[in-house]
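In: Just to be clear, the model below is a prediction. Sequence and coordinates:
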Amino acid sequence: MKISLIGQFGSGNTGNDGSLEAMILSLRKLRPDAELLCICSNPKVVSARYGIPSMSVGGPVLSAPAARLVNRILFNVPRRLMLLCTALSRFNGIDLMIVPGTGILDDFQEHAFGWPLVLFFWCLAARLRNTKIAFVSIGAGPITGRFSRRLLSAAARMGTYRSYRDDTSLRFMTSLGIDVAKDHRYPDIAFSLPAPVPGPRPAVPGTSLNIGVGIMQYRGWRAGDPQAGRIYADYIGKISHLVAGLLREGHSISLFMGDVTDEHARDDILEALRHMVSVSERSRIETPSSVSLHDIMALVARVDLAVVSRYHNLVCSLKMGRPTISLGYARKNDDLMQAFDQQVYCRHIETFDPDELLALVRRLIADRQGAGLAIDLVNARVRLQLADQQDLLQRMFLSEPWQRAMPDLPDGEPVLLK
């Protein structure tokens with residue numbers, strides 16, 4: 001059996017790569033004889049890290065200057081059309097294409113002719129080649145661009161199987177006019193990754209704690225937002241204010257990231273803190289590197305509580321049973337916190353007040369034992385739900401010899417390039 005895995009993998013986002021790894025581990029367990037092919041952003045990285053054949057998710061590289069100029073003038077459409085031809089040729093013999101987790105059906109920092117068009121082309125090629133498509137524990141919405149919405153909606157309609165990681169995604173798909181009667185609701189697949197064994201937390205004298213702060217280079221939802229610079233500067237100023245307040249109260253801080261782009265935010269925060277706290281206070285800041293969700297889970301295991309923004313940093317913190325404050329940029333964070341009965345500790349990355357957030361940290365410190373127990377209870381349920389989904393996928397796709405069927409393209413308004 002031949003299975004392809006598609007997504008923005010190998011590009012430096014630990015959450016995306018963790019979702020890929022979780023699916024690879026599941027497939028190795030459920031169908032160890034399957035031949036895997038990853039269609040991704042950086043094939044070299046993925047092949048080296050996970051040991052599976054990989055190919056670029058984008059179209060062929062245009063080497064001629066004239067061709068590149070025409071492609072740029074036409075908004076990358078010629079290269080995307082070449083991509084469709086490539087996809088059709090590569091799907092010959094592929095039985096199943098899986099989209100493993102991630103917020104695949106939103107347009108965060110995306111244009112229509114970027115990822116939305118790419119995903120649509122790959123799904124179209126899969127269906128034309130009689131390849132089943134499974135969207136597994138994905139996130140959906142918001143999609144602010146009209147054409148992006150049409151493309152991603154059409155891609156989703158081609159799915160043989162769809163499951164969503166939260167209720168907001170399920171409701172969003174319904175709002176697009178997609179029939180979700182046979183769709184499913186399962187937790188994010190990154191929760192199925194093996195976790196490090198939590199060791200004893202480092203002892204800090206007195207009432208001081210080790211607090212993890214997950215940071216990101218946040219410039220608003222829309223790609224090319226004219227307010228991006230102001231949004232970013234406002235975020236850096238407020239998160240630096242929070243860290244400074246925690247340092248003054250005697251706590252130790254671990255700054256951790258979820259994407260290579262977050263290193264810029266880390267540097268700007270450290271520069272801001274040079275003018276806000278003393279040298280001795282800054283000595284209690286750690287800036288560990290992380291290239292995987294395993295690294296982030298190991299970092300979280302060493303802190304007493306965490307304040308995080310990126311979705312999969314939040315997944316790691318909750319998975320490790322740590323009391324957590326979510327400083328989210330989308331509804332998905334709030335949904336996840338609500339699933340763990342922690343919605344009182346949700347704030348938004350653009351609107352939070354640093355002094356109020358500092359007070360919320362103090363409240364969580366006082367309640368951290370109760371919060372940790374509540375999180376542990378939900379983690380047990382999450383593990384059972386993900387095991388149920390594995391059983392369902394095995395019954396639907398992975399247990400019997402594959403029999404190909406004729407394409408069953410969905411009804412509805414077509415989305416074609418004219």
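Out: Done, it's in. Numbers count the residues shown, from 1 in each chain.
In: Does whatever helix or strand residue 379 lives in pack against any helices or strands, and if so which?
Out: Using DSSP states H and E, residue 379 falls within helix 368-393. Secondary-structure packing of helix 368-393 (3 or more CB pairs under 8 Å, 6 or more residues apart in numbering; DSSP states H and E): helix 14-30, strand 132-138, helix 311-319. C-beta here means a position set from N, CA and C on the backbone, and glycine is covered the same way.
In: relative orientation of that helix and helix 14-30 in degrees?
Out: 50 degrees (axes from the mean of the first three to the mean of the last three CA atoms, to 10 degrees).
In: Next, the buried residues of helix 368-393.
Out: Of the residues in helix 368-393, 368, 371-372, 374-375, 378-379, 382, 386, 389-390, 393 count as buried by neighbour count, 16 or more other CB atoms under 10 Å.
In: what do you get for stretch 330-343?
Out: 330-340, 342.
In: For residue 250, find the nearest of the helices and strands packed on helix 368-393.
Out: helix 311-319 (21.9 Å; CB to CB).
In: Direction included, what does the next helix or strand after that closest one pair up with?
Out: Downstream of helix 311-319, the next assigned helix or strand under DSSP H and E is strand 324-328. Using DSSP bridges, strand 324-328 pairs in its sheet with strand 305-308 (parallel), strand 346-348 (parallel).
In: ok, and what's touching the last one?
Out: So that's strand 346-348. Residues outside strand 346-348 that contact it (CB atoms under 8 Å, 6 or more residues apart in numbering) are 325-329, 333-334, 337-338, 357, 360.
In: Run through this protein and note the low-pLDDT ranges.
Out: Scanning the chain for pLDDT under 70 picks out the ranges 59-60, 198-207, 400-418.
In: quick one: the strands in it?
Out: Taking DSSP state E to define them, one finds strands in the chain at 2-6, 35-40, 54-56, 96-100, 132-138, 161-164, 184-185, 210-214, 252-256, 285-286, 305-308, 324-328, 346-348.
In: okay, those in a markdown table with distance to residue 230 and mean neighbour count next?
Out: Formatted as a markdown table, the strands of the chain follow (distance: least, CB to CB, whole Å; neighbours: other CB atoms under 10 Å):
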| stretch | distance to residue 230 | mean neighbour count |
| --- | --- | --- |
| strand 2-6 | 35 | 23 |
| strand 35-40 | 33 | 21 |
| strand 54-56 | 35 | 19 |
| strand 96-100 | 34 | 26 |
| strand 132-138 | 32 | 25 |
| strand 161-164 | 33 | 23 |
| strand 184-185 | 37 | 16 |
| strand 210-214 | 22 | 25 |
| strand 252-256 | 23 | 22 |
| strand 285-286 | 26 | 16 |
| strand 305-308 | 22 | 27 |
| strand 324-328 | 18 | 28 |
| strand 346-348 | 16 | 18 |
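In: Distance to residue 123 for these - can I get that in CSV?
Out: Converted to CSV, the strands of the chain look like this (distance: least, CB to CB, whole Å):
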stretch, distance to residue 123
strand 2-6, 9
strand 35-40, 11
strand 54-56, 16
strand 96-100, 8
strand 132-138, 6
strand 161-164, 12
strand 184-185, 19
strand 210-214, 32
strand 252-256, 34
strand 285-286, 42
strand 305-308, 32
strand 324-328, 28
strand 346-348, 32
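In: do you know which of those lies nearest residue 298?
Out: strand 252-256 (10.1 Å).
In: Just the C-alphas of that closest one, formatted as PDB.
Out: Provided in PDB are the C-alpha atoms of strand 252-256 (Å, rounded to 0.1, in the frame of the first residue of the first chain):
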ATOM      1  CA  SER A 252      13.000  32.400  36.600                       C
ATOM      2  CA  ILE A 253      11.900  32.600  32.900                       C
ATOM      3  CA  SER A 254      12.400  30.200  30.100                       C
ATOM      4  CA  LEU A 255      11.600  31.800  26.700                       C
ATOM      5  CA  PHE A 256      10.800  29.100  24.100                       C
END
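In: Distance from it to the middle of the chain?
Out: Centroid separation between strand 252-256 and its chain, computed with CA atoms, centre = their mean, to the nearest Å, is 21 Å.
In: ditto for stretch 213-226
Out: Its chain's C-alpha centre and that of stretch 213-226 lie 15 Å apart, by CA atoms, centre = their mean.
In: buried residues in it?
Out: Those would be 213-222, for stretch 213-226 by 16+ other CB under 10 Å.
In: And that stretch, end to end?
Out: 27 Å (CA to CA, to the nearest Å).
In: and if you look at stretch 241-255?
Out: Span of stretch 241-255 from end to end, CA to CA: 14 Å.
In: Give me the contact list for it.
Out: Here stretch 241-255 has contacts from 204, 206-213, 215, 266, 269-270, 273, 276-277, 281-282, 284-288, 299, 302-303, 307, 354-355, 357-358, 361, using CB under 8 Å, 6+ apart.
In: Any of the residues you listed buried? List them.
Out: 209-213, 215, 266, 269, 273, 277, 281-282, 284-285, 299, 302-303, 307, 354, 357-358, 361.
In: which residues touch residue 166?
Out: The contact partners of residue 166, by CB under 8 Å, 6+ apart, come to 139, 185, 331-332, 335-336, 339.
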